[in-house]
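K.L.:
Pasting the sequence and the predicted model now:
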Amino acid sequence: LGKQVKLLETENKELKKQVDNMKSEIADLESRLGDMVAKKDLVIAQASEQKAKEGWALAQKEVVQLKEQIKSLREQNLAQKKELDDLVAKLASMVSRDSLHKSQTELKQAAFECESLRNERDEL
């Protein structure tokens with residue numbers, strides 16, 4: 001009976017060692033799993049950061065394009081304003097010439113009327 005007790009005690013110690021070894025392996029696996037989860041989270045964070053950087057770069061390109069469009073529209077606006085100013089000046093010149101022509105016609109008519117009146121006076 002004593003031998004069986006010693007044998008069982010030895011077997012019990014051996015089983016306890018195996019349990020302790022298994023606990024150690026489980027702790028090691030849990031640690032490795034934690035490391036893998038942390039790496040996965042890091043990769044996800046890096047991918048998100050990369051997407052954010054790409055989005056920012058795209059937004060910056062769009063801003064540059066919009067600035068170029070604004071510059072182009074301003075240049076078109078200035079060109080159209082100059083064209084409009086030229087047309088206004090041309091119209092003013094045409095109106096001035098027309099007024100001058102009317103004035104000359106009125107002067108000629110007045111001169112003709114004066115001449116007619118002189119002729120009538122001379123006849124009287």
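P.N.:
Perfect, I can see it now.

K.L.:
distance between whatever helix or strand Leu91 lives in and the chain's centre?
P.N.:
Using DSSP states H and E, Leu91 maps to helix 2-123. For helix 2-123, the gap between its own C-alpha mean and the chain's C-alpha mean amounts to 0 Å (CA atoms, centre = their mean, to the nearest Å).

K.L.:
what pLDDT, on average, does that helix get?
P.N.:
Helix 2-123 shows a mean pLDDT of 92.

K.L.:
Contacts made by stretch 86-100 with the rest, please.
P.N.:
The contact list for stretch 86-100, computed with CB atoms under 8 Å, 6 or more residues apart in numbering, is empty. The C-beta positions use only the backbone N, C-alpha and C, and glycine is treated the same way.

K.L.:
Count the residues that sit near Phe45.
P.N.:
Actually, residue 45 is Ala. It isn't Phe. Residues near Ala45, counting by other CB atoms under 10 Å, number 10.

K.L.:
gap between Lys17 and Leu8?
P.N.:
Remark: distance between Lys17 and Leu8 (CB to CB, to the nearest Å) = 15 Å.

K.L.:
Please apply the same query to Glu106.
P.N.:
142 Å.

K.L.:
Also Gln76?
P.N.:
100 Å.

K.L.:
again, but for Ser116
P.N.:
157 Å.

K.L.:
Check Gln69 too.
P.N.:
Gln69 is 89 Å from Leu8, by CB to CB.

K.L.:
One more: Glu68?
P.N.:
With CB to CB as the criterion, Glu68 and Leu8 are 88 Å apart.

K.L.:
what does Ser48 give?
P.N.:
For Ser48 relative to Leu8 (CB to CB), the value is 58 Å.

K.L.:
Likewise for Ser103?
P.N.:
Ser103 sits 139 Å away from Leu8, taking CB to CB as the criterion.

K.L.:
do Lys53 as well
P.N.:
With distances taken as CB to CB, Lys53 is found 66 Å from Leu8.

K.L.:
Equivalent analysis for Ala57, please.
P.N.:
72 Å.
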